[in-house]
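*Asks:* I'd like to go over a predicted model; first the sequence, then the structure.
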Amino acid sequence: MATIEQREASDGTMTHRVKVRLKGFPTQSASFKRKTDAQKWAQAIEVAMREGRHFKVPVAKRKTLNELIERYIRDVLPQRPKNASNTLRHLKWWRAQIGFMVLADIQPSVVAQLRDKLLATPTRNKTKRSNATVQRYLAALSHAFSIAVTDWEWAQENPVRQIRKPRAARGRERFLSDAERDALLLSCKASPSRFLYSVVVLAISTGMRSSEILGLRWHQVDLKKCCVRLTETKNDTSRTIPLAGLALETMVKLAKVRRLDTDIVFYGKDVLHSVDIRKPWETARRKAGLTDFRFHDLRHTAASYLAMNGATTVEIAAVLGHKTLQMELNPNAKQSELIAALEPVQDRIMKRYKVAVAELKAAKDKQDTTATKAAQDGVDALTLFKGDMAAYVRLYTFLSQIFDYGNTGIEKRAMFYKRLLPLLEFGREREGIDLSKVVLTHHSLKDHGSRTLPLGPGESPKLAPITGAGSGSVQEQQKVYMAALIEKLNDLFGSETSEQDQLRYVNGTLLGKVAESAILQQQAANNSREQFANSPDLHTELQNAIMESYDAHTAMSTKALNSPLVMHGLLDILLNHAGLYERLRGQSQPQNSGDGAIRSAKQSSGESYFPT
């Protein structure tokens, strides 16, 4: 119930103080100049309490951001040791800006204003602060607010979640060419650092991070099974890395001369700590003539080797330890764990569809009209749901080129649906033909007469002699091209689809969609055919084209997505038969092949730089 007290201030003004007490809720109080305002406020608070709309968070009116950050640093940050120093620096910045404000007054507009200040203010090195860095500042504050809302009940909502986040720039696309790789390895071999060459070989061969390589222990290395088991990683997930070729030879050599007083593979002057390769690496990089190249770019080089070797994006993500499919394309991208989420969703939908189909069949067998209609509605609802997802993806793909939605949830949903659709194998079924009662009643044979085939001496038809090497005549190139192309397509897709459908799928649909890629147009304009063929973006753009054409070519798209051999064969056809490289160059303006040009690398003969 509510009570209202009338009070007189020292200056003679009258105020009305109202208190609302209700069992199970803390006492709420406020002061008003007019009694009618006090009564209205009391009634509104009582109704909100009874209907469960009143939050028990009066603390937000008393606690400041400074107090929130202090408690977060004391209680939460020690449980998150990775990157704790950066998080602490980010939180101190927020405390310096608005630490004095009570939590209830920190609205989304306040956070958005400071976000813009971060973007506009240069760093200590007088350089522009990147969007990715601002994202990390916002992430630190957002997590602190989330803990305050869920665990401490200090606030009602997280204001950071209600503002737009700056988009991170596209990830680096720098990787080694054959010549650059050979020069770098020679420079590392000549380095006075005993372990630099081995560390670089492992980075190129396995794609491990520098921290994972330098923190490697001998108990993690299994030379019998030719693998390395990583337990402490950036993503807190363990993974097994295969060793092959030069990487395996390097580890075997190191094992023969390892020190027994330390378990560290790459130890420093103090055998209890890892070696520091920063200065030797910079010296070797400079002597090799590499510009705009970082140690982390060796991971991009490893990813390009895997892609050239026919690995799928899922396999690349597993080897490199990426949690999402986006990470091998953009290291700054963050997204919900798409791969882990796809399987349970697919399983749930497919089970529902199978149950619906079984119910429909049972209803038809019983000749129950009402049950048949209800079961058919259930099947149609799932088919319509799949169609709606496909329409969502197509609509987003088109409209996102026109304007920015300003909502990452829409983009994530489109990407999720795009990956989920190929896994839902229903909605395009056809009524089968029952052949169980078909009986062969008769057949006919026609007599075409007898023919003499003389094989002995005497008069007999002669075979035309060879008139020259080969056919001796100029062939029509278009017919030869079509014959070779059809033969390759038949090898990939078999006889399940017609030759016309196969040609239309590859020469029309896939070629057209891949040729629209601005990334590939730029790479084709700045690289030779051989260099362009090694681009890891080729596999990604082809995979996207296959998914976009899934509805129109379900059977061939499914086979391509499920088979690395078919995917590799399609790339070969597009490059060597369909004229993809020439078409891309014709659609783009040549640019200077500087740092942005593709610098890919392939395996050298006799040496393997990546696991096969």
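*Replies:* Right, received. Where do you want to start?

*Asks:* what's the single longest helix in this protein?
*Replies:* In the chain, assigned by DSSP state H, the helix with the most residues is helix 369-399.

*Asks:* Kindly spell out which helices and strands sit in contact with that one.
*Replies:* The contact analysis (3 or more Cβ pairs under 8 Å, 6 or more residues apart in numbering; DSSP states H and E) places helix 369-399 against helix 338-365, helix 408-420, helix 536-548. In short, each C-beta sits where N, CA and C put it, glycine included.

*Asks:* try it again with 6 Å
*Replies:* Of the remaining helices and strands, those touching helix 369-399 by 3 or more Cβ pairs under 6 Å, 6 or more residues apart in numbering; DSSP states H and E are helix 338-365, helix 408-420.

*Asks:* Tell me which of the ones you listed sits most buried.
*Replies:* A comparison of the helices and strands packed on helix 369-399 by mean neighbour count, using mean count of other Cβ atoms under 10 Å, puts helix 408-420 on top with a mean of 16.

*Asks:* Check which residues of stretch 96-111 are buried.
*Replies:* Applying a neighbour-count criterion of 16 or more other Cβ atoms under 10 Å, one finds I98, G99, V102, L103, A104, I106, P108, V111 buried in stretch 96-111.

*Asks:* Ok, stretch 567-579 next?
*Replies:* Within stretch 567-579, the residues that qualify as buried are M567, G569, L570, L571, I573, L574, L575, H577, A578, counting by 16+ other Cβ under 10 Å.

*Asks:* Look up how far L538 lies from the fifth one.
*Replies:* I573 is 12 Å from L538, where distance means Cβ to Cβ, to the nearest Å.

*Asks:* before we move on, what about the fourth one?
*Replies:* From L571 over to L538 the distance is 6 Å, taken as Cβ to Cβ.

*Asks:* returning to that earlier point: among the buried residues of stretch 96-111, give me the pair with the biggest separation.
*Replies:* Pairwise distances across the buried residues of stretch 96-111 (Cβ to Cβ) peak at 18.1 Å, for the pair G99 and P108.

*Asks:* Which neighbouring elements make contact with the helix or strand containing V111?
*Replies:* When secondary structure is defined by DSSP states H and E, V111 falls within helix 108-120. Based on contacts counted as 3+ Cβ pairs under 6 Å, 6+ apart, the elements that helix 108-120 packs against are helix 131-147.

*Asks:* same question for the helix it packs on, mean pLDDT?
*Replies:* Confidence for helix 131-147, expressed as mean pLDDT, is 90.

*Asks:* what's the answer for stretch 558-572, then?
*Replies:* Model confidence over stretch 558-572, given as mean pLDDT, is 80.

*Asks:* And that stretch, end to end?
*Replies:* Looking at stretch 558-572, the gap from its leading to its trailing residue is 18 Å under the measure Cα to Cα, to the nearest Å.

*Asks:* quick one, helices of the stretch 151-300 of the chain?
*Replies:* According to DSSP state H, counting those that start in this stretch, the stretch 151-300 of the chain carries its helices in the segments 178-189, 196-206, 210-214, 245-256, 278-287, 297-308.

*Asks:* Helix 196-206 and the first one, what's the angle between them?
*Replies:* Using axes from the mean of the first three to the mean of the last three Cα atoms, to 10 degrees, the interaxial angle of helix 178-189 with respect to helix 196-206 works out to 140 degrees.

*Asks:* Now do the end-to-end distance for stretch 11-22.
*Replies:* With Cα to Cα as the measure, the ends of stretch 11-22 fall 33 Å from one another.

*Asks:* Pull out the buried positions in it.
*Replies:* Within stretch 11-22, the residues that qualify as buried are H16, V18, K19, V20, counting by 16+ other Cβ under 10 Å.

*Asks:* what pLDDT does the last one get?
*Replies:* Confidence per residue is given as pLDDT, and for V20 that number is 83.

*Asks:* Make sure it is actually in contact with I45.
*Replies:* Yes. Counting by Cβ atoms under 6 Å, V20 does reach I45; the two are 4.7 Å apart.

*Asks:* between these two, what contacts are shared?
*Replies:* Q28 (Cβ atoms under 6 Å, 6 or more residues apart in numbering).

*Asks:* Give me the buried positions along stretch 113-124.
*Replies:* Along stretch 113-124, these residues count as buried under the neighbour rule (16+ other Cβ under 10 Å): L114, R115, L118.

*Asks:* contacting residues around the first one?
*Replies:* The neighbourhood of L114, defined by Cβ under 6 Å, 6+ apart, consists of Q97.

*Asks:* Just name the shakiest helix or strand of this protein by mean pLDDT.
*Replies:* Counting by mean pLDDT, DSSP states H and E, the chain has its least confident helix or strand at helix 313-320, which shows a mean of 51.

*Asks:* just to revisit the earlier point, out of the buried residues of stretch 567-579, who's nearest L230?
*Replies:* Proximity to L230 was ranked across these by Cβ to Cβ; first place goes to M567, at 28.0 Å.

*Asks:* Setting aside sequence neighbours, what's the nearest residue to that closest one?
*Replies:* By the measure of Cβ to Cβ, 6 or more residues apart in numbering, the closest residue to M567 outside its immediate chain neighbours is A560, 5.6 Å from it.

*Asks:* burial of the one you found, as a residue count?
*Replies:* By the measure other Cβ atoms under 10 Å, the count of residues near A560 is 28.

*Asks:* now swap in the one 3 residues further on and tell me
*Replies:* Using other Cβ under 10 Å as the criterion, S563 is surrounded by 14 other residues.

*Asks:* That one and E153: what is the separation?
*Replies:* Distance from S563 to E153, by Cβ to Cβ: 53 Å.

*Asks:* do the same with F195
*Replies:* Separation of F195 from E153 (Cβ to Cβ) stands at 52 Å.

*Asks:* Neighbour count for the two, which is higher?
*Replies:* Regarding F195 and E153, a neighbour count based on other Cβ under 10 Å identifies F195 as having more, with 21 against 14.

*Asks:* next helix or strand past whichever strand or helix holds S29?
*Replies:* Assigned by DSSP H and E, S29 falls within strand 28-32. For strand 28-32, the following helix or strand on the C-terminal side (DSSP H and E) is helix 35-50.
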